[in-house]
Structures are given as C-alpha cells and as structure tokens.
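[1] this one's sequence-less:
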C-alpha cells in the first residue's frame, strides 16, 4: 500500500520536501554491509554496484557476497551480475559512466570497464607514466574521465572505452588539494571540460581544457575576482542544472556552507553556519582534527533548491536560511543526485528525496482550500458514490481550470501509480465541466503517455528496471540516444520499442532497437535457416535496420552462412560490400574459407556499377593469401572486372600485371609491358636484359611478328652501342654516350659541333636524314648559332621544303629568339601561310604588314574582322580604300 501523499513532509526554508518510497529491498542487498563497501549508483534510476573498500579493514565472512567480487544490484536488491575482482591495488574511482558501464580506476593507470548486464570486464591502460606518477583521484565526466596524479597534474580522457590522454594546463599547486570537481563540456560555460580545485591559499582554481588557469579568490586579495569570503574549502558540489555551486568551508573551527552562482558573476549568494557533530557517533581515536572527524562523506544537491550533506548516520538538508538534520531509518546508506532530487538506497529501501511543487502542496496540504484540493476532494466523493456539493467550484471556471492544472501537475510528481491514477481522474472529472479553450486538450493525454513509460520502466523486471520520475523521463526525451542505449544495455527490446512509440522518438531509434535485437538473436542456439527466417520476418517492415551490423555479429559468433543469408537483405550495396570484405578478412584470420565472400563481393560490386567499389574488392582480393591463378580465374569471369583489374594493375603492380597477361596468354601484351619497363631502366645493361625478355614474349606470340622484329633491331643497336662503350677508344665519349637514348647521344655530338662524328653515328644506327637535320637545327638554336642556322635552312630547303619553316620558327620563339622566329616565318614561300602563322602566334601587326606588302586584298578583308587594335584597322581600311578595294 502506498504511503499517503500528505505524510512524511520535511519543511526547510518555507519549502516542503518528501521522501518518496519506490520499492522495498527484497533481494541479496538486504545483507550488504554499506559501511566498509564502495558503492556506486547509476544515474537515471539505474542499478547499484558494490565492492569491498580496500582502504577499510573489516572482518569478512566466508559467505560475504562481496568476497573477491564486484556485485551489481537491481532496484529491488537482487543480484544482476557478479564479476570476479581479486586485485588489491588501491582503487581511486568506482563509478558509473553515463551509458551505465562501471569504471574502476587503479593508481598505476590501469582501469576496468565493466558491463553490469553481461558481466564482461575490459582492461584499459593509460601508460607507464602513471607507474612513477600514480593517480590519486578521478571523476566521471559523461562517458569520459578526469584524473589527478600525485604531481598535481590533471588529465582528461574524453572516452573511457578508447583511452586517449589530454593533459590539462598546470595548476601551480604545491600540495594536494582538499577537493576538486570536474564539469562536463555540456554544462560548462566554455563548452569545454572544466575543473574547479580548492586552492590551499584560498578561493578556487578554475581549470579549463586548452585554456589558461584562472583563480577566483576571496576578499583578502584585490587583484582577483571578488567573491564571498571563500577559504579553507573542503568540498564542492554543483546543482543538477549547474546553475549554482556550493562550497563547504571549515573556518575557525566552524563549518560554513556558501552557495553562489556557478559563473562567479552573480551577487545573489548565501552563507550558513552548520553543526555537523553527530550525537550517536563515536569520535574517540587517534585523529583529533575536527575538520577530519566531522567531514561529511558526500555533498550533493536535492534539485536546485537544497544542498544535502551525507554524514555517517544522518543527512543534513541546507536551505537559504536554515538547515535541518534528518535521521534515516537505516544508519548506513548511499546517495546519488538525480536531475530532480536525491536518490537514497540502504539495506531496506530505495527512495528519493524531492522538493514538493506548489501544485502538490496545494492539493495535499492538510486543510487546504486551494482549487486543486477542492477538485480532488470532489472527485474522491464522486468516486465513492457520496458526492459533495461542488457547484461553487464548477461555477468558477478560472478556479476549476487551476484545479485541473494542479491535479495534473501533482499526478506528474507523484511516484505511486495509485495516486497518479486518482489525481489524473480528478483532473479528467474537472475537465468535463470546462470548455476546450480553458485548458490544453492534449495536456492530460500527454501526461498519461509519459506516466505509462515511467511505470513500465519500473515494472520491467529486476534486471534493467529503473526507478524513474516523470521529470526524469521528460529530461531523457531530450537525450533519446542515451534513453535507448540504457534500455538496450539490458536487452529490454520490447520495452524500448514501446517507449519510442509512446514518446514519439524518431524512426532511426526504432531501427537501432531491432538491429540490437537481431544481434542478440544470432547468439541463440537455433539453426541458421530458422534463425534467418525469424529475423527477416520480425524486421521485414522496419526501415533502416542495419543488416550489415547483424551480419558482423553473426560472423563473430561463427555463423558464416547465416551472415551471408542476412546480408542478402541489406539493400545498400555500398554497405554490403565492405562487410563481405571484412568477413573474408575475419575468416582468413580464423583460418577459414574466404573465397565465397570475395566472389559474392565481386558479384555485388559489378551489380552496383560503381568503379570505386569494384576497385576496392579487387584491391582486397589481391592482398588475400590466395593462389594467383585462382584470383585471376575469378577476376576474369566478368569483362567489367577484367577491365578494372588491368587498369588497377597498370597503376599499382606491373609485376602482377605481367603474371596476369601470362595467365591470359596475351604474350604481345607481356612483351609491350616489358618494353615499357625496359625504357624505364637507367642502366644500359638492365635495359638490354628486359628487352630480351620482351623478345621472348613476342616470339611466343604466333599471331604477329612485327613487334618481334622491331625489338630485335633495337636490341642489335643497343648491343652494338654497349660494345662500343666497352672499347677503350670510346672512353673519351663514354661520359656523353653511356646509358642515353640514340637521339640524346646524337644531340650531344651536335652540341659539341662534332659534325663528322655525328654523321658517322647517324649512318651507323640508320638514323633518318630528316631526323638528323631536325636534331642539328635544335642544336644550332640551343647554341645560338643563328647565321649557320639560316645557311642550313636555306641550303636544305633550296629545292623542296625539307624542314618546315614554321617548325624552325616555333623552336626559335620557344627558345626566346622571337625576332629570329618572325624572320624565319617571312621566308615561307606561301604568303597565305605566313599571314595565318603570324595570326596563330598573335603577331597581328606582322600579319597585316605581310598582306599589305604582297597586296593580298582578300586576306586583308579577312584580317579586318579579326583585328582588335584600332590603329591596325585604320591601316587596313586606308590601304583598301587607296587600292579601290
């Protein structure tokens, strides 16, 4: 039976608070000794984890549930999972990450990430540097960590599952701070991870990632930001919204609580002195320091209104102008701040402390005459068939609307399904007497939707069940990925689907749930055919399900055929092919058969008509430890793949391309490839050897002897050249001739003006006369011997134009001798060719003058339409007019 909503209220600073009892502890948690244990409570109403506190000496019974173990408890106190843990190294952090994995950090830089449902334990190592500079403390920030070392250095690890250290700025500390607190980037004003550290000299050291250190000091220092008198701070805590920060100080043997805005800019703050001595606690012992003996175990917030200190046997609630000590039913307990209150767990109860909203107080405060209380009373009398007179309330529509609003708001706040139902029925009863304009018609139905989710989460069983409130669920709708992740952490697939439907999450989250369900399903011991059919049938109507991810899991479970069957349902070939290649690689590592995966990937790549995908498959297939002949056989089956293969090998692997041409018995292609390789060789001997290989390939090709003859002639020339180079009489020319093409050697002779040797060389190697003369022209231009060039060109072209004037002119212009080039154009026999060549190289003035000198009227008319310069146009017009044209 639920407790009365009006019972167990606590008044503080004219506000009311209440302990809401979620459920009794019925499992093994009843025997857990909170004292002497390390306790971690997951946020958002999640499970609890416990291990022995290695820093406290306690006698342990043989049947102690924490012996050599870390134990996870559900909200009903039953064991979810028990993970073996026998390490004796000091633990500096024992807490849940945001996505509800437990992290256990040890001083030497190693830590475990533990799944509370599966019980898997993953070891991570931050490096050897922490062997000499051990970690002394740590905190969770989202899914990351912040740690502090013995040398007062701070490090940020953005993702605990992928450890990567980011060193923060040096603090300048000379001794260990009394306390420090990390602020996640999602809540900080800078958008980066921040750390507040108690300064031994007074005030706060404010550390911002990638930025300089700031110090916020007290009134005794004029050169810092002014704050209340903050010194000797022992503890720090931020409110759930991070709008306010509380500092617990010990000044002159007196505890003081200071609360101010988080940005240190606001002027609204309050300070209150506290007495933290516990009457029933034994303070006898060697430690006499009051700041140590009376120091709270933990400081937290209950919403944004109340700071709570956890003492050994009690809690102290602190408001703006007063404080109140509350003794709990069990003296050993653990607390965890939630977005709207403070969760408290002990051996008997799982409850939450929250501030009562005004609507709840209006309805349930004894002797209340507020509209909400009147409407609730009227409904209860109506439901018990003993109606009271409520005409006055019905007639006052504004009060009635307020009453409906208050009942709905109180229903949202209430954790008992019994009273939730009563309050919402009272609101519905009052709503029947109001018009649609008086109150939002969707408010009641939306509240019901959210409360169904709240109660379904609590009823979802011991494993994965969450004790959530309406406000927490509402806040989690802003974090849908986290909400879904937490449900999937415990395989609550049906609940997750229903929650996404009720809360109207985007379809992608529903697809994520079905993908996770299928990944879990492939781990069951059902035959592949049946399992494949079940998965297809279940998710055939769902869009966006990742069959590639499901296939990944299947192959990891050793179900290769199931993976292939599942991949057939993946519509995106761009997603399917990389998975097939990964499957082939995974099976290769496991010494399995990989051929079918590559063949399937090739088939899909061709079907995609995407060259990038085809090249990707070819690249992976060629790197596989498979016989080349088998690979070539598969890759030759499709003309498309064969063409892509040849292109790929031409660009990246000549040796394998040679093998492939041999496999295809395309000896002419083998020979041509060898010729290409030969002329890439710098050494003459190597060039000859590769050409000899090419000649053998051409000899094997019975279709055409043309290439073979060409290579034979080339080999003969190169062998003769090699013999000449080897003779002593050629030593003088060796430096010139060694390892160069024939034309380069000929040009070197002509540049040295060794015309006789050049002529013999050309004759010996049967260099054509036209080629010889062109090489001579190039050498004369390079040597700037323009007189000899004119004489040579005139002599050669005396009878016929053996060397084109335009070619010589082009070479001259390219060499920088533009005037000589233009003069060479003027020697061309055809005026039209001169004019058009002048036009081609942009020399319009020469073109016009040439046409005028030779009285080419039609050419001038053609030029008139192409000339841009006004002076040239005027010159053409004047000449044509003078000539009567």
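    Perfect, thanks for sending it. Remember, predicted model here, so these are calculated numbers, not experimental data.
[2] Name every strand pairing with the top strand by length along the chain and say which way it goes.
    Longest strand in the chain, counting residues (DSSP state E): strand 15-24. Looking at strand 15-24 with DSSP bridges, its partner strands are strand 9-12 (antiparallel), strand 349-355 (antiparallel).
[3] which one of those strands lies closest to residue 384?
    Distance to residue 384, taken as CB to CB, is lowest for strand 9-12 among the strands paired with strand 15-24, at 25.3 Å. Any C-beta I mention is one placed from the backbone N, CA and C, and that applies to glycine too.
[4] my guess is residue 143 contacts residue 184, does it?
    No - the pair formed by residue 143 and residue 184 falls short of the contact definition of CB atoms under 8 Å, at 9.7 Å.
[5] So the residue located most distally from the centre of the chain versus residue 857, what's the distance?
    Here the centre of the chain is the reference, and by CA atoms, centre = their mean the most remote residue is residue 884, at 81.7 Å. Between residue 884 and residue 857 the distance, using CB to CB, to the nearest Å, works out to 10 Å.
[6] tell me the SS of the closest residue to residue 638 other than its chain neighbours?
    Nearest residue to residue 638 in three dimensions, chain neighbours excluded: residue 606, at 5.6 Å (CB to CB, 6 or more residues apart in numbering). Secondary structure assignment for residue 606 (DSSP: H, G, I helix; E, B strand; the rest coil): helix.
[7] and residue 606, how many residues sit next to it?
    Residue 606 is surrounded by 19 other residues when neighbours are defined as other CB atoms under 10 Å.
[8] Please work out how many residues are found near the residue lying closest to residue 97 once chain neighbours are set aside.
    Setting aside the residues directly before and after it, residue 97 is nearest to residue 143 in space (CB to CB, 6+ apart), at 4.9 Å. Using other CB under 10 Å as the criterion, residue 143 is surrounded by 19 other residues.
[9] quick one: contacts for residue 143?
    Contact partners of residue 143, counting by CB atoms under 8 Å, 6 or more residues apart in numbering, are 97-99, 159-161.
[10] And residue 835, how close does it get to residue 803?
    For residue 835, the distance to residue 803 - CB to CB - is 21 Å.
[11] show me the contacts for the residue nearest to the spatial centre of the chain.
    Most central residue of the chain, judged by C-alpha distance to the mean C-alpha position with CA atoms, centre = their mean, is residue 159 at 10.7 Å. With contacts defined as CB under 8 Å, 6+ apart, the neighbours of residue 159 are 143-144.
[12] shaky segments in the stretch 201-350 of the chain?
    Judged by pLDDT under 70, the stretch 201-350 of the chain has its weakly predicted residues at 216-228, 263-267, 280-288.
[13] Break down it into its helices, ranges please.
    Using DSSP state H, counting those that start in this stretch, the helices of the stretch 201-350 of the chain run over 290-293.
[14] Determine which of the strands paired with strand 15-24 approaches residue 420 most closely.
    Set against residue 420 and scored by CB to CB, the strands paired with strand 15-24 come closest in strand 349-355, at 14.9 Å.
[15] Give me the more crowded residue out of residue 835 and residue 803.
    When residue 835 is set against residue 803 and neighbours are counted by other CB under 10 Å, the residue ahead is residue 835, at 25 against 16.
[16] I'd like to know which elements the helix or strand harbouring the more buried one is packed against.
    Here residue 835 is covered by helix 831-840, with elements defined by DSSP states H and E. Helix 831-840 makes packing contacts with helix 805-814, helix 818-825, helix 844-853, helix 857-864 when contacts are defined by 3 or more CB pairs under 8 Å, 6 or more residues apart in numbering; DSSP states H and E.
[17] which residues are contacting the first one?
    When you say that, I think you mean helix 805-814. 774, 777-778, 781, 789, 793, 797, 818, 820-822, 824-825, 827-828, 833, 837, 841.
[18] Whichever of those count as buried, I'd like them selected in PyMOL; how would that read?
    Buried residues within the contacts of helix 805-814, by 16 or more other CB atoms under 10 Å, are selected in PyMOL with:
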select buried, resi 774+777+778+781+789+793+797+820+821+822+824+825+828+837+841
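[19] where's residue 386 relative to residue 394, distance?
    Residue 386 sits 18 Å away from residue 394 when distances are taken as CB to CB.
[20] Same check on residue 293?
    Between residue 293 and residue 394 the distance, using CB to CB, works out to 62 Å.
[21] swap in residue 202?
    In this view, residue 202 and residue 394 are 63 Å apart by CB to CB.
[22] Looking at those two, which one has more neighbours?
    The residue with more neighbours, out of residue 202 and residue 394 and counting by other CB under 10 Å, is residue 202; that gives 20 against 15.
[23] Just give me the neighbour total for the nearest residue to the more buried one once chain neighbours are set aside.
    Of all residues not flanking residue 202 in the chain, residue 231 sits nearest, at 3.9 Å (CB to CB, 6+ apart). Per other CB under 10 Å, the neighbour tally for residue 231 reads 19.
[24] quick one, phi psi at residue 231?
    Backbone dihedrals for residue 231, given as degrees, to the nearest 10, come out at phi -150, psi 160.
[25] measure it to residue 696 for me?
    To residue 696, residue 231 is 93 Å away according to CB to CB.
[26] Next: residue 664.
    Relative to residue 696, residue 664 is positioned 17 Å away (CB to CB).
[27] Kindly report the same for residue 518.
    58 Å.
[28] Please apply the same query to residue 117.
    Counting by CB to CB, the gap from residue 117 to residue 696 is 68 Å.
[29] Where does pLDDT dip in the stretch 401-550 of the chain?
    Counting by pLDDT under 70, the stretch 401-550 of the chain has low-confidence residues at 437, 460-464.
[30] which stretches of it form helices?
    Defined through DSSP H, counting those that start in this stretch, the helices belonging to the stretch 401-550 of the chain, from first to last, are 417-431, 443-458, 470-476, 480-488, 493-502, 507-521, 528-539, 547-556.
[31] if you compare these, which one is most tucked away?
    Highest mean neighbour count among the helices of the stretch 401-550 of the chain (mean count of other CB atoms under 10 Å): helix 547-556, with a mean of 23.
[32] Packing partners of that helix?
    Secondary-structure packing of helix 547-556 (3+ CB pairs under 8 Å, 6+ apart): helix 507-521, helix 560-567, helix 573-589.
[33] Show me which residues of stretch 792-809 are buried.
    Neighbour-count burial for stretch 792-809 [16+ other CB under 10 Å]: 792-793, 796-797, 803, 805-806, 808-809.
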